[in-house]
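In: Structure, please.
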Amino acid sequence: MILTSCNTPFPFSWIFGQSRGAILNMDEFFRTAGMKPIGKVVYAGAAYKKDLPKQIARKIERCLK
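Out: Okay, the predicted model is just below:
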């Protein structure tokens, strides 16, 4: 499973490649190692949040089923 978080808010994290770059690099790693990820979860704007949002927790649960 690929789980990444960044401090940049959502649209800017994808525009500037902060989250997308991490996902692409991990995809390359999995391909090179001959593995397949079971899911990808991005938590953007995590700078000042102390708890994991329910939506992100549900995405992680869906990936693990």
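In: okay, which residue is most central for this protein?
Out: For the chain, V42 is the residue whose C-alpha lies nearest the centre (Cα atoms, centre = their mean; 2.7 Å).
In: quick one: that one is in a strand?
Out: Yes - assignment of V42 by DSSP: H, G, I helix; E, B strand; the rest coil places it within a strand.
In: Name the SS class of the nearest residue to it once chain neighbours are set aside, please.
Out: Of all residues not flanking V42 in the chain, S19 sits nearest, at 4.6 Å (Cβ to Cβ, 6 or more residues apart in numbering). In short, each C-beta sits where N, CA and C put it, glycine included. At S19 the chain is in helix, as set by three-state DSSP.
In: my read: S19 touches N7, true?
Out: No - between S19 and N7 there is no contact, the gap being 10.7 Å when judged by Cβ atoms under 8 Å.
In: neighbour count winner among these two?
Out: The residue with more neighbours, out of S19 and N7, is S19; 21 against 12, by other Cβ atoms under 10 Å.
In: wait, what's in contact with that one?
Out: Each residue near S19 by Cβ atoms under 8 Å, 6 or more residues apart in numbering is listed here: T4, C6, T8, S13, V42, A44.
In: Look up how far C6 lies from the last one.
Out: Noted for A44: a distance of 6 Å to C6, by Cβ to Cβ, to the nearest Å.
In: Name the residues contacting each of these two.
Out: Taking Cβ under 8 Å, 6+ apart as the criterion, A44 and C6 both touch S13, S19.
In: dump the residue contacts of P53.
Out: Contact analysis of P53 by Cβ under 8 Å, 6+ apart lists Y43.
In: Could you measure from it over to F30?
Out: Noted for P53: a distance of 26 Å to F30, by Cβ to Cβ.
In: Then L64?
Out: Plainly put, L64 is 17 Å away from F30 if you go by Cβ to Cβ.
In: in this protein, which ranges drop under the pLDDT threshold?
Out: Across the chain, nothing is flagged by pLDDT under 70.
In: run the last query once more with 90
Out: 1-27, 36-53, 55-56, 59-65 (pLDDT under 90).
In: What ranges does it have for its strands?
Out: Counting by DSSP state E, one finds strands in the chain at the ranges 2-6, 40-44.
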